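Visitor: Provided below are the primary sequence and the corresponding predicted coordinates.
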Amino acid sequence: MENDSLKRKAASGMLWGGLSNGAMQVMGALFGLVLMRLLSPSDYGKVAMLNIFAALACAIQESGFIPALCNRRNPTHEEYNAVFWFNLLASLSLYAMLWVAAPWIADFYGDPDLTGLARYLFLGFLLSGLGTVQRAYLFGHLMVRQANTCSLVSMLLSSVVGVVMAWHGFAYWGIVTQSVMYVLVVQLMSWHYSPWRPSMHIDLRPALGMLGFSSRLMLTNVFNILNNHAFSVLLGKCFDSHTAGVYTTARKWDDMASGTVNGMVSGVAQPTLAQVADDRGRYVNVFRKMLRFASFVSFPAMTGLALIAREFIILVGGEKWAESGTVLAMLCMHGAFVPISTLYSSLMVSRGRSDVNMGCTVGQSLVTWAGLVALYPLGLHAMVLYFVAASVAWLLVWQWWAKRLVGLRWRDALSDTLPFLAFSVVVMWGTWLATSGIRIPILLLSCRIGMAATLYCALTWLSGARIMRESVQYLLRRGRTE
């Protein structure tokens with residue numbers, strides 16, 4: 001019964017994660033298309049150059065407490081309360097420091113407009129500190145539907161505000177307001193759904209007791225951010241805001257697409273794995289099923305996006321965004337493997353090995369930065385290709401640790417992933433050949449999407465892929481029960 005209950009929770013969580021993340025990406029795409037028409041690459045570039053500072057501050061403020069609380073199985077009120085006050089004090093301190101540092105950040109990029117923009121953008125992580133514990137409660141209790149409702153409503157409201165401001169000529173201020181508004185609404189709704197409330201008895205000792213575990217997660221997040229935002233910093237410093245905007249827009253679409261699958265995985269992976277951590281055989285089976293599902297969905301989605309990337313970007317944004325389409329096509333292979341990396345990271349954390357998780361992330365970040373710094377004289381495309389290759393190759397390091405920690409064999413990991421990658425490449429190649437003669441952009445996109453989706457589903461079904469049949473059976477059963 002316990003096994004069935006956990007299986008239902010995980011399946012339901014992944015379904016809700018997929019639906020809500022899919023809805024979020026569609027919503028984000030629609031509003032993003034409008035903003036692309038209203039704004040220029042330089043507008044996006046200004047904000048992109050600041051995002052790394054806001055993201056780093058948010059990671060330090062959160063300090064890895066969300067997964068740390070989740071790993072404690074049954075956190076007490078005292079532990080929640082200590083984390084709440086610790087995060088709030090950290091948020092206030094960090095915001096004060098970054099307020100003072102804003103002029104220096106503007107001088108670093110040589111753009112005085114960034115001083116006021118930075119101080120406004122940094123309000124986001126200050127607000128985020130008010131809801132860390134509420135989000136931890138939703139995450140730890142597998143309240144995926146409620147957590148994703150928070151994200152959906154926040155995305156809708158903040159996007160409307162951003163578009164209205166851009167329409168009225170506020171340019172990059174609209175993008176920043178959208179970001180701050182999103183964080184604010186997420187916190188308010190998290191408080192609505194979470195029953196936990198803080199008390200005025202402030203005792204930070206339980207939070208300090210978790211720092212040994214959570215601080216390694218914090219450092220992992222910091223290096224993840226350095227890895228993900230390396231381009232924005234280097235392009236803003238060594239090139240200009242236009243080039244930074246070209247890359248940022250391409251990366252945004254890559255993240256939105258891969259985020260649909262990654263959201264399904266990340267919302268349930270660590271809590272589910274943590275609950276079966278005591279049964280090694282079952283643990284490996286659960287992990288492998290998640291690995292198959294992530295590969296089954298992510299590879300066709302991202303190779304499909306690469307197939308239509310350039311035509312799609314030009315169609316919706318105009319010729320001024322053409323280079324972003326080329327960069328997006330290259331980035332899609334990185335996005336295809338993001339959910340796989342997330343699963344391996346969740347494996348490390350659920351086994352209590354935040355040190356391994358941190359070491360892998362730090363190593364990947366250092367390798368990425370070293371290569372990008374060395375290659376920047378060759379231009380944006382060379383840097384992007386290196387970034388993608390390094391990201392995919394680093395999965396070998398993750399798998400080596402998975403073999404050591406839980407005995408996940410190399411041949412099992414490869415058999416769970418490579419067939420779906422092969423199917424996807426064959427389908428996209430065949431679709432490209434069959435549609436290469438079409439010259440009408442909207443017809444070309446429609447034919448490629450429809451043909452690729454039909455061929456992939458048929459190929460996986462006829463090949464007897466178990467995850468395909470299990471997914472169809474689950475959806476049919478759910479449809480009958482509802």
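Guide: Alright, I've got the coordinates.

Visitor: burial of M210, as a residue count?
Guide: 22 (other CB atoms under 10 Å). (Each C-beta comes from the backbone N, C-alpha and C, glycine too.)

Visitor: pull out the buried positions in the host helix or strand of L396.
Guide: Take DSSP states H and E as the rule and L396 turns out to sit in helix 395-406. For helix 395-406, the neighbour count (16 or more other CB atoms under 10 Å) marks 395, 398-399, 401-402, 405-406 as buried.

Visitor: same question for stretch 102-117.
Guide: 102, 105-106, 109, 111, 114-115, 117.

Visitor: pull the residues that contact that stretch.
Guide: Outside stretch 102-117, the residues that touch it by CB atoms under 8 Å, 6 or more residues apart in numbering are 46-47, 49-50, 53, 118-119, 122, 172-173, 176, 236-237, 241.

Visitor: how about 7 Å then?
Guide: The contact list for stretch 102-117, computed with CB atoms under 7 Å, 6 or more residues apart in numbering, reads 46, 49-50, 53, 118-119, 172, 176, 236-237.

Visitor: likewise stretch 45-64?
Guide: 87, 90-91, 94, 98, 105, 109, 111, 113-114, 117-118, 121-122, 124-125, 128-129, 132, 172, 175-176, 214-218, 221-222, 225, 229, 232-233, 236, 241-242, 244-245, 248.

Visitor: which non-adjacent residue is nearest R469?
Guide: W461 (7.5 Å; CB to CB, 6 or more residues apart in numbering).

Visitor: separation between the residue nearest the centre of the chain and A301?
Guide: Centroid-nearest residue in the chain: G259, 5.0 Å away (criterion: CA atoms, centre = their mean). For G259, the distance to A301 (CB to CB, to the nearest Å) stands at 11 Å.

Visitor: over to P103?
Guide: Taking CB to CB, one finds P103 at 43 Å from A301.

Visitor: please apply the same query to C447.
Guide: Applying CB to CB, the value for C447 to A301 is 18 Å.

Visitor: among the two, which residue is more densely surrounded?
Guide: The neighbour comparison of C447 against A301 (other CB under 10 Å) goes to A301, with 21 against 15.

Visitor: quick one: contacts for that one?
Guide: 257, 261.

Visitor: so it is in which element?
Guide: Using DSSP H and E, A301 sits within helix 280-317.

Visitor: where does the stretch 251-400 of the chain dip in pLDDT?
Guide: For the stretch 251-400 of the chain, the stretches with pLDDT under 70 are 264-278.

Visitor: thinking again about what came up before, and the buried ones among the contacts of stretch 102-117, selectable in ChimeraX?
Guide: A single ChimeraX command selects the buried members of those (16+ other CB under 10 Å):
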select :46,49,50,53,118,119,172,176,236
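
Visitor: now, which of the contacts of stretch 102-117 sits nearest G140?
Guide: Lowest distance from G140 to the contacts of stretch 102-117 (CB to CB) belongs to F53, with 29.0 Å.

Visitor: and that closest one, how close does it get to G110?
Guide: 16 Å.

Visitor: for L35, same thing?
Guide: 25 Å.

Visitor: and for L443?
Guide: 45 Å.

Visitor: ditto for A336
Guide: For A336, the distance to G110 - CB to CB - is 36 Å.

Visitor: repeat for V47
Guide: As judged by CB to CB, V47 and G110 stand 16 Å apart.

Visitor: check contacts around M451.
Guide: Listed by CB under 7 Å, 6+ apart, the contact partners of M451 are 431, 434-435.

Visitor: which one (most neighbours) among those residues?
Guide: Within the contacts of M451, T431 tops the neighbour count with 24 neighbours, counted by other CB under 10 Å.

Visitor: measure how the helix or strand that it is a member of sits relative to helix 395-406, angle-wise.
Guide: For T431, the element it lies in under DSSP H and E is helix 410-435. If you take axes from the mean of the first three to the mean of the last three CA atoms, to 10 degrees, helix 410-435 sits at 150 degrees to helix 395-406.

Visitor: on that earlier part again, just the buried ones from the contacts of stretch 45-64?
Guide: Among the contacts of stretch 45-64, those buried by neighbour count (16+ other CB under 10 Å) are 87, 90-91, 94, 98, 105, 109, 111, 114, 117-118, 121-122, 124-125, 128-129, 132, 172, 175-176, 214-218, 221-222, 225, 229, 232-233, 236, 241-242, 244-245, 248.

Visitor: mark which of these are part of helices, please.
Guide: Among the buried ones among the contacts of stretch 45-64, the ones falling in helices (DSSP state H) are 87, 90-91, 94, 98, 105, 109, 114, 117-118, 121, 124-125, 128, 132, 172, 175-176, 214-218, 221-222, 225, 232-233, 236, 241-242, 244-245, 248.

Visitor: just give the nearest non-adjacent residue to V356, would you?
Guide: According to CB to CB, 6+ apart, the nearest residue to V356 is M348 (4.9 Å).

Visitor: oh sorry, the question was meant for C238
Guide: For C238, the spatially nearest residue (CB to CB, 6+ apart) is Y376, at 5.5 Å.
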